[in-house]
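Novice: 3D, please:
(chains A and B)
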Amino acid sequence: MEHIVIIGNGIAGITAARHIRKLSNKKITIISAETDYFFSRTALMYVYMGHMRWRDIEPYESWFWEKNRLNLINAYVETVDTDSKTLRFKNNETLVYDKLIIATGSVTNTFGWEGLELNGVQGLISKQDLEKLEKNAPNNKVCPRAVIVGGGLIGVEMAEMLRTRNIEVTMLIREPAFWTNVLPINDGKLLSQHIVSHGVNLQHNTQLDKIVGDNHGNVKSVITNNGDEIPCNVVGITTGVKPNISFLKSSKIETDRGILVNRNLETNIKDVYAIGDCAQQREPIGLRPPVEAVWYTGRMMGETVAQTICGNTLEYKPGNWFNSAKFFDIEYQTYGWVFSAERRENFEAQFHWKCDSGLPFLTVSYNKNTNAFLGINTFGIRMKHEVFDAWLNEKRNVDYVIKNLKQANFDPEFFKNYEKEIQAAFANQPVIV
Amino acid sequence: MSTVQRNMALTGEPPKTINTQQKIASFIGLLGVMVLILALFNLQFPHKTLWLTLSLIAIGGGTVWFAIAEYANTPSGIKNNGVYFKSLTSRGFWAWILGIALTLFYVVLYWFPQYLGLNENGENSGMVALFDPLSKFLNGGPASQWFLYGTLYTLAILAFGIKFILKYKHNKYEKLRTYSVMFFQLGFAFLIPELMARLNSDTFSLPYYDLKNIWPLNYYNFEQYRVDAFISAGDIGLALLIFGIVSIFIITPILTFKYGKRWYCSWVCGCGGLAETAGDPFRHLSDKRQIAWKIERWVVHSVLVFVVLMTTAVIHSYLGDDSSKYWLTNDVFLIAVAIILTLVFVATFIFKREELQKDAKLGAIGYFVIIIALIALHFFSGVQLFLFNAEILRQSYGFFIGALFSGVIGVGFYPIFGNRVWCRFGCPMAAILGFQQRLFSKFRITTNGGQCISCGNCSTYCEMGIDVRAYAQKGENIVRSSCVGCGICAAVCPRGVLKLENGPLKNRINSNEILLGNDVDLLNYVNK
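Specialist: Model prediction:
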């Protein structure tokens, strides 16, 4: 029986395993050094906030694995020998595979700052990070103040977590507003306001210079590039993530930032595949970046690679881009591309609408030459994935989308509708230059 | 630093969970409870009206003030911070204290009302006596333990209803639904029956009737004393009796078809009303394991079978056997019951057989065969109908299901098993509505394409113990008989994935993986 070994039990690896099991009777082994069972990484924050217990963020009960004959091994893979198809673990045990799927996800991206080794400096990606945060910031007596470096998704999650324990939080954001390396400046500014209203101190246009420790090796403060010193007990490093591939250094698997894969998610070595955050596409796919650290793409790659491994070689073809997040109390959804100032092309026009009360708000992108609809960001309005997916495939123009916006609404029953206001605002917007 | 205890456990130390105002509010509420407890121990209050009013205001006002202090100045949004850190809401010390206190209260209420001060042959004393003035004001007579219970129950739904509304101030569905249960509790369950009792005289008497309390939840509605009373009360009585039957066979199926069982369970029902308001802080304690679901299916449907048998036996026992006196004899009735059950059974197996799980088929066939066999046995060999005397069936149902299950376990164990234990495992009404909701209703919870991140908030906060995430992460709609449509899964979802909807029957259940985002080819392969 063919032995499929998967390194990593995150969404990519587990999805691959589930679908291989659906399609075949192959022997499947999943290796993880992080946890025994699959958990929802995006839900780590809710455990610290007391919304859920650890077991609640595990999507499958423990009997699931045995029932579906998915062997779980808790071990750390130190080396991969692709010639003998052998993995060697930290405890020196070995495992032989027929086909290998690498789905090791991400680690925290840092920029070599001084003081990264101090106690209290941490990212927020793994279960171990969560345990660290629990130790470093159990309450506001042990940790009265924290500084978060980076204004992005993990940063705002960490801020929300710490605020539930009444810890003072300062976020250092390199850009002029929150997450504006991804969002249009308008959206970012409104989000910055919202984050501030939840008691977070935002320092825009500010970067970390170095982290200062005390005599015991604990964090004492950070110094910003403006020369300000901010005292703190925890420093959250949330300046993005990078593929977790250091264990492959000695292997023959070709890597760049991530593990290089072709459109079939195959690496340069036969029978070795890479999926999820740790994979890097050799050829770009549409407007997507070559490394995508997103839950949904991990899942889609898992589904795709399962087909390939089970004999139905399939290209990884993610459909239209979509994503979602939540910033404190604001839900965010996006379909298609709405670019930040950095990536925005000349032809991309952006229509911004904001309710008088401040929430909800949205941004619609379209091609000002052809009027084609390009994408939408909504904040505080839920939209139907299916409808936008269809509109993007049908290449609808922006007028059609605005006119039929109600069809796409996914808010709960009895919620206020804003389509009329949005349509009126769109009709009355000043001519785009 | 060294004096601070460092907790290495994953579940950490929360910040102080209640502020000063909340402490004062709690104190006032407890003062109100204290008055009741003093009355229980027979402390004589000189001005009962005054002290009862003060006590009820203190309890209700304290609760509302507590809620205002907790939520009024907070931003709109989900308020589940620290739920699993607080003793009361995570099966800690205070949860057990509250659970034991509630359980004791129910035991006394059902079986030892004399300790509450009930005296059916003379002046009430103790806690019941304290409620005499309000009872006299509303219905003209002295209070009973049930009047006391009804008053406190209504107060709980109103006060905690306001708390719930403040908690979900950003969610109109939650607010409307809560106004609705508050209205039905205060009007239909409490005031109308009490005022109706005022109409009673020596020549005219209606039984206590909460119009929204439908058989089989109201399992005693067709007992002899009530039916006699309805019939002897002339047109009004007859109208009420007919309404009781129409509610079961016409109103309920229509509304459940259009809106799912939520129209009843989380908009109208009193049990649901208490669960959604006072019980809301305990909703996450429901058991989500698959084994719990399996047990639930057997238990709740067995209760339904029990109530059908019991009611049939009771009605059969008091109907006559002489068709020249009245057309509805006990034989006609029994045949009618057998026909109705056969129709439901046959229709389900003809039209919905693919949608039934193996154990559902097994259970349905098993129970159907047994019931029909028992009826046949009675007809052809004169064996006691359903083997037991109707009175024994009635009494055991009342004791085990009516009192022990719905009261003691159902509410007493809120802080331990969650707030919908009765509704999920015990309520025969929920079983009927659920049966229809699963097989013949427009209601479903729609999943939004591929946006689910498997975080688990929906499953955790499902009071019915449905593993919502299991469906959502596969892109499937949620069509489950137990879903009461409270809407909390959709509210707590951080990614806008879930929506309660009434829609066309076609494609209501999509058992395929329809995760969007993938290209169409892959979707086809995945669903093969």
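
Novice: give me the nearest residue to the residue of the stretch 301-450 of chain B found nearest chain A, chain neighbours excluded.
Specialist: Among all residues of the stretch 301-450 of chain B, B:Gly449 sits closest to chain A, at 2.7 Å; criterion: Cβ to the nearest Cβ. No exception for glycine: its C-beta is placed from N, CA and C like everyone else's. Counting by Cβ to Cβ, 6 or more residues apart in numbering or on different chains, the nearest residue to B:Gly449 once its immediate chain neighbours are dropped is A:His385, at 2.7 Å.

Novice: my guess is the one you found contacts B:Thr447, does it?
Specialist: No - if you go by Cβ atoms under 8 Å, A:His385 and B:Thr447 don't touch, sitting 9.3 Å apart.

Novice: what's the following helix or strand after the longest helix anywhere in chain B?
Specialist: Ranked by residue count, the top helix of chain B under DSSP state H comes out as helix B:290-318. For helix B:290-318, the following helix or strand on the C-terminal side (DSSP states H and E) is helix B:330-351.

Novice: quick check: buried residues in that following helix?
Specialist: Residues B:Asn330, B:Leu334, B:Val337, B:Ala338, B:Leu341, B:Phe345, B:Thr348 are the ones in helix B:330-351 that count as buried (16 or more other Cβ atoms under 10 Å in any protein chain shown).

Novice: ok and the residue in the stretch 251-400 of chain A nearest chain B?
Specialist: Among the residues of the stretch 251-400 of chain A, A:His385 lies closest to chain B, at 2.7 Å counting by Cβ to the nearest Cβ.

Novice: would you mind measuring from that residue to A:Leu153?
Specialist: 19 Å (Cβ to Cβ, to the nearest Å).

Novice: which one of the two is surrounded by more residues?
Specialist: A:His385 (27 against 21; other Cβ atoms under 10 Å in any protein chain shown).

Novice: look up phi and psi at that one.
Specialist: Recorded main-chain torsions at A:His385 are phi -60, psi -50, according to degrees, to the nearest 10.

Novice: do the same with A:Phe379
Specialist: Backbone torsions for A:Phe379, taken as degrees, to the nearest 10, come to phi -130, psi 110.

Novice: for A:Thr378, helix, strand, or coil?
Specialist: When the structure is reduced to helix, strand and coil (DSSP: H, G, I helix; E, B strand; the rest coil), A:Thr378 reads as strand.

Novice: so it is in contact with A:Gln333, correct?
Specialist: Yes - A:Thr378 lies in contact with A:Gln333 (Cβ under 8 Å); the separation is 5.1 Å.

Novice: excluding residues flanking it in the chain, which one is nearest the one residue sitting closest to the centre of chain A?
Specialist: Taking Cα atoms, centre = their mean as the criterion, A:Val294 is the residue nearest the geometric centre of chain A, at 4.1 Å. Using Cβ to Cβ, 6+ apart and skipping residues adjacent in sequence, the residue nearest A:Val294 is A:Asn323, 6.2 Å away.

Novice: what's the local residue count around the residue nearest to B:Asn80 when sequence neighbours are not counted?
Specialist: If the residues on either side of it in the chain are set aside, B:Asn80 comes closest to A:His51, at 4.3 Å by Cβ to Cβ, 6+ apart. For A:His51, the count of nearby residues is 27 (other Cβ under 10 Å).

Novice: repeat that for B:Ser324.
Specialist: Using other Cβ under 10 Å, B:Ser324 has 7 other residues around it.

Novice: and it, what pLDDT?
Specialist: In the prediction, the pLDDT value recorded for B:Ser324 is 83.

Novice: look up phi and psi at it.
Specialist: Backbone torsions of B:Ser324, given as degrees, to the nearest 10, read phi -80, psi -20.

Novice: repeat for A:Trp353
Specialist: Note on A:Trp353: its backbone torsions stand at phi -130, psi 140 [degrees, to the nearest 10].

Novice: what number of residues lie near it?
Specialist: A:Trp353: 19 surrounding residues under other Cβ under 10 Å.

Novice: kindly report the same for B:Thr447.
Specialist: 26.

Novice: residue contacts, the residue nearest to B:Asn80?
Specialist: When contacts are counted by Cβ atoms under 8 Å, 6 or more residues apart in numbering or on different chains, A:His51 is found next to B:Asn80, B:Asn81, B:Val83, B:Tyr84, B:Asn457, B:Thr460.

Novice: residue numbers of the stretch 51-200 of chain A in contact with chain B?
Specialist: Proximity of the stretch 51-200 of chain A to chain B is assessed by Cβ under 8 Å from any Cβ of the partner chain, with A:51-54, A:56-59, A:61, A:130-131, A:134-135, A:138-142, A:164-166, A:197-198 identified as the residues in range.

Novice: the residue of the stretch 51-200 of chain B found nearest chain A: how many residues sit nearby?
Specialist: Nearest residue of the stretch 51-200 of chain B to chain A (Cβ to the nearest Cβ) works out as B:Gly77 at 3.3 Å. B:Gly77 has 17 neighbouring residues, counting by other Cβ under 10 Å.

Novice: for it, which non-adjacent residue is closest in space?
Specialist: Sequence neighbours aside, A:Asp329 is the residue nearest to B:Gly77 in space, at 3.3 Å (criterion: Cβ to Cβ, 6+ apart).

Novice: right, and that neighbour touches A:Ser197 too?
Specialist: No - using Cβ under 8 Å, A:Asp329 is not in contact with A:Ser197; the gap is 9.3 Å.

Novice: overlap of the contact sets of these two?
Specialist: Common neighbours of A:Asp329 and A:Ser197 are listed as B:Pro75 (criterion: Cβ under 8 Å, 6+ apart).

Novice: show me which of these two is the more surrounded one.
Specialist: Between A:Asp329 and A:Ser197, counted using other Cβ under 10 Å, A:Asp329 has the larger neighbour count: 17 against 12.

Novice: okay, the more buried one and B:Lys169: tell me how far apart.
Specialist: According to Cβ to Cβ, A:Asp329 stands 12 Å off from B:Lys169.

Novice: can you check B:Trp65 too?
Specialist: Relative to B:Lys169, and taking Cβ to Cβ, B:Trp65 is found at 16 Å.

Novice: try A:Asn71
Specialist: The span separating A:Asn71 from B:Lys169 equals 49 Å under the rule Cβ to Cβ.

Novice: near chain B, anything from the longest helix along chain A?
Specialist: When chain A is scanned for its longest helix (criterion: DSSP H), the result is helix A:295-309. Yes - figure legend: helix A:295-309 in contact with chain B (Cβ under 8 Å from any Cβ); contacting residues A:Trp295, A:Tyr296, A:Arg299, A:Met300, A:Glu303, A:Thr304, A:Gln307.

Novice: my guess is the third one contacts A:Ala12. True?
Specialist: Yes - A:Arg299 is in contact with A:Ala12 according to Cβ under 8 Å; the separation is 6.8 Å.

Novice: tell me which of the two has more neighbours.
Specialist: A side-by-side neighbour count of A:Arg299 and A:Ala12, using other Cβ under 10 Å, places A:Ala12 first with 30 against 26.

Novice: not counting its neighbours along the chain, what's nearest that one?
Specialist: A:Gly276 (2.9 Å).

Novice: do B:Gly402 as well
Specialist: Nearest non-adjacent residue to B:Gly402, counting by Cβ to Cβ, 6+ apart: B:Tyr219, 6.2 Å away.

Novice: how many neighbours does the one you found have?
Specialist: Under the neighbour criterion other Cβ under 10 Å, B:Tyr219 is assigned a count of 23.

Novice: do B:Gln384 as well
Specialist: Counted by other Cβ under 10 Å, the residues lying close to B:Gln384 total 12.

Novice: so who does it touch?
Specialist: B:Gln384 makes contacts with B:His378, as judged by Cβ under 8 Å, 6+ apart.
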